[in-house]
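> Sequence unavailable; structure follows:
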């Protein structure tokens, strides 16, 4: 089936294959939604055309893709590749959101807009506007709130973890990252979630990614397929590993902040407009 578009009150829903967007806009909304629909028509087929390249690890000799969204994925991934295993696919959801948002803002006069691709969000904010969203766990319980204003240097939000849509090499329930772009936030959320981990812990189940999905970009890298109840010290240690990774990315200027959650414990890293609820819900 081809792309599907549906108006949901004052929002636009676009869906094609694995891509599922919720879009909001203040200003010339009808014009912006029309631009989003038009641009979305070919996004998936453009990615499929370069899929073999986009599934390969980024290295010094990696060639640059041709498509707009693929180029965003590659550019974001290259900022992290020198110190980590990264394929352009790590930034696909954020990059798709950016591409559609760019089509909207280059066509319509908007004061505020967002494109939410399954929790990876690209933002457009003008003077005096803000964007507020709630963070929720995989069981839908509230974890806190993010409030971004025009003055904040953040236009991308992304969340990753073992309960997300993609494989994770770590055990984080969720990691939410704030960065200058959605694609950068997407890649960073993946890497930080991977770092929330413990080596050889008996409660953690792993399997080669290619045995779970033969089309994965992770090859035989081990991904987490389950994690049982951990002790307090183990949770603290796993979060400390992720926190160290996040702090390194903040020091390197790649992200602005991150929130890490695992089995009732949480960590907030960086100077960012995030409120984590006191007493994060216990793991169930």
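Nice, I can see it. Being a predicted model, the structure only gives us computed values, none of them experimental.

> Please list all residues in contact with the closest residue to residue 2 other than its chain neighbours.
Computed as CB to CB, 6 or more residues apart in numbering, the closest residue to residue 2 that is not its neighbour in sequence is residue 16, at 6.8 Å. The way it works is simple: take the backbone N, C-alpha and C, and place the C-beta from them, glycine included. The contact partners of residue 16, by CB atoms under 8 Å, 6 or more residues apart in numbering, come to 1-4, 40, 43-44.

> Repeat the analysis, applying 10 Å as the threshold.
Contact analysis of residue 16 by CB atoms under 10 Å, 6 or more residues apart in numbering lists 1-5, 40-45, 96.

> In helices, which of those residues fall?
Residues of the contacts of residue 16 located in helices (DSSP state H): 40, 43-45, 96.

> could you show me where the strands are in the protein, in order?
All strands of the chain, identified by DSSP state E, fall at 4-8, 11-16, 19-27, 110-117, 120-125, 130-136, 142-149, 156-160, 174-179, 204-208, 222-227, 257-262, 265-269, 274-276.

> Let me have the ones you listed in CSV, adding distance to residue 248 as columns.
CSV is the format used below for the strands of the chain (distance: least, CB to CB, whole Å):
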stretch, distance to residue 248
strand 4-8, 40
strand 11-16, 35
strand 19-27, 31
strand 110-117, 26
strand 120-125, 22
strand 130-136, 22
strand 142-149, 22
strand 156-160, 17
strand 174-179, 13
strand 204-208, 23
strand 222-227, 22
strand 257-262, 11
strand 265-269, 10
strand 274-276, 19
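
> Dump these into JSON lines; add mean pLDDT as well.
Converted to JSON lines, the strands of the chain look like this (pLDDT from 0 to 100):
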{"stretch": "strand 4-8", "mean pLDDT": "96"}
{"stretch": "strand 11-16", "mean pLDDT": "98"}
{"stretch": "strand 19-27", "mean pLDDT": "98"}
{"stretch": "strand 110-117", "mean pLDDT": "98"}
{"stretch": "strand 120-125", "mean pLDDT": "98"}
{"stretch": "strand 130-136", "mean pLDDT": "88"}
{"stretch": "strand 142-149", "mean pLDDT": "88"}
{"stretch": "strand 156-160", "mean pLDDT": "95"}
{"stretch": "strand 174-179", "mean pLDDT": "94"}
{"stretch": "strand 204-208", "mean pLDDT": "91"}
{"stretch": "strand 222-227", "mean pLDDT": "90"}
{"stretch": "strand 257-262", "mean pLDDT": "94"}
{"stretch": "strand 265-269", "mean pLDDT": "92"}
{"stretch": "strand 274-276", "mean pLDDT": "66"}
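
> No more questions from me, cheers.
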